[in-house]
Each structure stands twice: as C-alpha cells, then as structure tokens.
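# prediction below, plus the sequence it came from.
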Amino acid sequence: MSASCLASFQDYGLRAIGYGQRILPKSDITLCDQFALIGSGLIWNVFFGVLAVCLGYWFAMVLAVGKASERGFYRRFSSGFIFLFRGSPLFIQFFFAYELFVLLPKVGVTLDLWFVVIDLETRWLTRAWLGALLVLIFNTTAYSAEIFYGALRSSPRGEIEAANAYGMTPWQMFWKVQWPNMMRLAWPSYTNEAIFLFHSTTLVFFSGFPAWRQSGDALYYASYFADKTFNPFVPYPIIAFYFIVLTLLIIFIFGLVNRRLNRHLPDARRPRLIIRLNLIR
Amino acid sequence: MLSCVNPDQISGLAWLGCYLSTPKHMAFYQSFLIVLLLIGAVAPLAILLGLLSASASRARFFLVRLPGTLYIAMVRGIPDIVFFLFVPLALDQGIEYLRHRSLCSDQTGSVWQGNDFVVCDIAKMPLSSASQWVHDFYGFSLAVIAFALVFGAFAGNVIAGAMAAVPKAQLETAAAYGMTRRQVYWRIMFRQMWIYALPGLSNIWMILIKATPLLFLLGIQDIVYWARELGGAKTSAFSYPHPDWRIWYFLGLLAFYLMMTWMSERGFAYLNKRFSQGQSMVFNQQKEGA
C-alpha cells in the first residue's frame, strides 16, 4: 500500500510543473493520488503568492506615498489605480486581462525580426505564469497601497516634526522615520492581505487563463477529482487542509516580522496580529 | 424605425443598434438582473445567519456555543471559492441521497458505485423531465445557499465583534434596572450594535458585490457566461459576424462593477453619517482598508 502511495507521489508530486506522468489519473483514483496531485498544484499557488507579495510590496509603497502626495497628478493617479483594482472583482480582472493579452500581438505593430525577444514576451502574457501573475501583482499592489496609505496617515506627527528639527532630508525622513512607522502600523492588516492573496490565487485557472498541458493549481486538480469521482467530500477537504497549513505558515512568518518591527516597544503596547481571514476580492 | 430583418445590408450605428438588441443580448441584459437578484437574496439571509451564529457563539451553553464559533472559524480559514464549489455539489448530492433512500428504499447497494454517483430516476433533483426553468431555479437556489453560508460566517464575525463593542456599562445598567437577559439582549444589545457593525457590514457588502462573478463557476448563465458567449468571434454563418469582441464585453462588466462599488461607497458614507448622529464615538474613523 505504502509502495503504491510512494509511486503516486513520484508520478504526480511534480505534475503541476510538468514532471512525472503526463496523463492524469482517470480510474482507480486513490487517496494518495489526490494528495499528491493537489499538493503539486499548490506549487503554483505558492509561486503566484510569493512573487505577487514580494513585487507588489514595493509598488504598493510607491502608490501609498503617491496617494498621500500633495501633487494633484500623483494623488489622482494613485487613487484611480487603487479604485480600479479594489473596486472590481479579481475574477473579471483576470478575464479582461487575458482578452487584452490575447489581442496584444494582433493590435501591435508588426515586430521586426531583431525583436524576437519582445515577440516572445507578448505570447507569454497569455500564459498564466506571467499574465495572471501581472494581474495578481497589480491587485495586491492596490489593496496593500490602501493599507499602507492608512498607516502613513496615522504615523505619529511628533516624530516627523522631530525629524524636521534634526534637519533630515525628505529622503532620510521617509526611510528613517515614516517607513518604519508605516510598516509597524500596517503589518497586522498587511498579514491579512497576504493571506487573502494566497487564497485568491486559486481563481487563476478558472478565469480564462488556460491550464497548459493540464498543469494547474491546487483547486484546478481538486475540481478535476470532484468531476471525475463525483465525490466532492475527498478533494475539497484535502485542498482545505493544504490551505490551512499554508495560512498557518504565512501567519508564522509574518508574525516573526511583526515581532522585529515592534521590538522597541514594551510587550503590552505591541500590536497583536488579529487574523481576519478570507474575504473575496 | 429600425428594421433588423437583413442585418447584412445595414451598417454603422443602425447595425450596432440591431446587434445590441438581439434576443441573446436581451438574455445578457437579464443576467445583470440575476446578479442583482442574487445580492438581494443573499444579503438578508447572510445577516440572519450572522445574527444566529454570533448569538450562538456568545451563548452560555457550550453545546450552543460550539456550532456558532466552529461555523465562523471554519469558513474563515478556507478559501471561499472552495466553499462555492463544494457546497452546491454536496447539497445536491445530499438531497438526492436522501430522496433516494426514502423514494427507492427497495434498491440496496451504495449510491457511490466506483467513480459514479447513481440514484434512481425518481430521486433525481430536479426530475429529468422537469422544464428548463425548474433546473435553472434549482441551480440558482443552490448558489444562493452557498453564498449565504459563506457570507453568513463573515457577517457572524462582524456582528459578534459589534456585540462585544456595545458598552458594558449600558448592559449592566439595564440589568440593574431588573431586565432579564432576554430583555437586555433585545432592547439594548440588539439595537446598539448596528452602528458598530456598519463598517464591517459595508465591507462585506462590497465583497459580496465582487463575489458575484463566481456564479459563473457554478454553471449558471450569468454575465460572465454571456460575455464570453456573445463576445467570441462570429463567422459569416451568423447574422451578425464580428471578430473577437470579448474584451469589450469584459470592459463593460468592469465598468458595471466599478459603478456598483462606487454607488455603494457613497451609500454607506451617507448611512454612516446618519447613524453616527448623536453618537459620541469616533469608531467610524477606523474603517479598515483590507
């Protein structure tokens, strides 16, 4: 039994990124098959989640500063971007982006042969790994920017005045005073945002982006099993289990950062992570 | 008057006018109503479930408290889309299984035969002889239940928080006046909590609006279905041939949702102002961005 279980992990453990058996299990589906294949799909969820959080973080900071800016153009652009991505469903954003990316080469001017690289890139945009990733990055940028903006506005005024009095340049003031405060205040909400983002990566393969050679994410395989076995009571609890583990891992990592951000405060005044999970976007 | 009998002989705006009023486009416009209907059906159900679960999670008896807290915690820890895929399927199978057991009790053997879920014909839900209308309604009801279950848990979370935010002094004063627990609940807590719940509930409302395209995943012919259907390239075999226009349809959907959220934002800002009248707290400033 355990030998066959090992075999199904060898066959399907990396199926989502193209290794192992080419054909998905069709009949005699064992519990091990389901665990292995859904687990391999989780690789994509982690890929999308990690990259989108890491890249979106920096864009979000720029946008948050832009929204708090006194220059009308920056403020309007940032507010518009944030409203566009927070005000519409991620699902529709995926669909729209996919159709846009599909049209791109046709709309664009004929590319010279020297620009082979660019030609390839436009084709890649219709693939989930780049196209969906871009949408996710923009989406998390907008949500995080709103959080950072709120934190930026509630940073203590006195510290900024003190920084001014010390003669800090605006650049120094931002990195030495405003940014640490912003991170400290925003971190609990930002943790929630990161968790939502990981959860919403499950939408990618249900929204236009094709699963190339049936390489999909965890939910793609879970719904595949539910379709094949007519039994939703096994695959969906499995993916639920995987996601609870993933969520706990995120909470742990972000908790470490939270502790570091507040290390100068006495225990009682440290903001605790209040995890309010799972809101759709 | 426009005459749309021979669409290949007209062009320009007249063609567009005829194109946008085909029966299929009428179905597309109706599907917007389905979205609104879903929101209208789910919102009160979710509030009701939220009230029940929040009240249960504050109960004195462990056996009442357990399902309340469990329900709220469970839905929050798992991606909601999993629930949207799981609940309708599970409900559907559960209903058919029960009907199978009661209507076809002569048939022994499991309903799960290998990779198939088999019930006898008269246990099918809805009956395969039923009209399309019944099938549509049944599918929509399952979707409403799935949405209500998920959003009920969100609302339960917010309402439980709001109940805890009602100043203790008010409740103690009521108790000191000799009100029973029930009276304190209905006369003080129930009335005071709404203003505390409003920011959270408005958040959930926004999320509900943005969750409606998930209807598509449940196989319901909603706006996403029609946008894909109508926008796809049509060859000259169709009366209105056109290239791939899906991007324009999705642009329309994007605009529809942005308008909905914009109007809701305005509406809730107004409600917040109304409800805050005469309240001496500043809690409505702590509305969260997440």
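Received, thanks.
# end-to-end on stretch B:183-198?
Using Cα to Cα, to the nearest Å, the span of stretch B:183-198 from its first residue to its last is 23 Å.
# and the helices in chain A?
A:2-12, A:31-67, A:72-87, A:90-107, A:116-124, A:133-153, A:157-165, A:170-173, A:179-200, A:218-229, A:235-261 (DSSP state H).
# make that the stretch 101-250 of chain B, sorry
Here the stretch 101-250 of chain B has its helices, by DSSP state H, counting those that start in this stretch, at B:132-165, B:168-176, B:181-183, B:190-211, B:223-231, B:246-276.
# return the residue of chain A that is most distant from the centre.
Among residues of chain A, the one most distant from the C-alpha centroid is A:Ala165; the distance is 39.9 Å, by Cα atoms, centre = their mean.
# CSV for the helices of chain A, including distance to B:Pro213?
The C-beta positions use only the backbone N, C-alpha and C, and glycine is treated the same way. Converted to CSV, those look like this (distance: least, Cβ to Cβ, whole Å):
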stretch, distance to B:Pro213
helix A:2-12, 31
helix A:31-67, 19
helix A:72-87, 14
helix A:90-107, 4
helix A:116-124, 25
helix A:133-153, 14
helix A:157-165, 42
helix A:170-173, 43
helix A:179-200, 13
helix A:218-229, 16
helix A:235-261, 20
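# for B:Phe268, which of the ones you listed is the nearest?
Comparison of the helices of chain A against B:Phe268 by Cβ to Cβ identifies helix A:72-87 as nearest, at 13.4 Å.
# helices or strands up against the closest one?
Secondary-structure packing of helix A:72-87 (3 or more Cβ pairs under 8 Å, 6 or more residues apart in numbering or on different chains; DSSP states H and E): helix A:31-67, helix A:133-153, helix B:246-276.
# burial check on the closest residue to B:Ala165 other than its chain neighbours, number of neighbours?
Spatial nearest neighbour of B:Ala165, excluding adjacent residues (Cβ to Cβ, 6 or more residues apart in numbering or on different chains): B:Tyr196 at 4.2 Å. Neighbourhood size, B:Tyr196 [other Cβ atoms under 10 Å in any protein chain shown]: 23.
# cool, and A:Thr169?
By other Cβ under 10 Å, the residues close to A:Thr169 number 9.
# distance of the closest residue to B:Ala227 other than its chain neighbours from A:Gln214?
Leaving aside its sequence neighbours, B:Ala227 sits nearest to B:Tyr249 (Cβ to Cβ, 6+ apart; 3.8 Å). Remark: distance between B:Tyr249 and A:Gln214 (Cβ to Cβ, to the nearest Å) = 28 Å.
# contacting residues around B:Leu48?
B:Gly152 (Cβ atoms under 8 Å, 6 or more residues apart in numbering or on different chains).
# tell me the confidence at residue 175?
Here I'm looking at chain A. pLDDT recorded at A:Trp175 is 90.
# switch to chain B, please.
90.
# quick one on the thing from earlier: compare B:Tyr249 and A:Gln214 (neighbour count), which wins?
Neighbour count, other Cβ under 10 Å: between B:Tyr249 and A:Gln214, B:Tyr249 has more, with 22 against 16.
# residues contacting the more buried one?
B:Trp226, B:Ala227, B:Arg228, B:Leu230, B:Gly231.
# so what's A:Ser215 closest to, chain neighbours aside?
The shortest distance from A:Ser215 to any non-neighbouring residue, by Cβ to Cβ, 6+ apart, is to A:Ala16 (5.2 Å).
# isn't that neighbour up against A:Leu219?
No. When contacts are counted by Cβ atoms under 8 Å, A:Ala16 is not listed as touching A:Leu219 (11.5 Å).
# who's more crowded, these two?
A:Leu219 (29 against 26).
# if I look at the more buried one, how far off is A:Gln34?
Going from A:Leu219 to A:Gln34 by Cβ to Cβ gives 13 Å.
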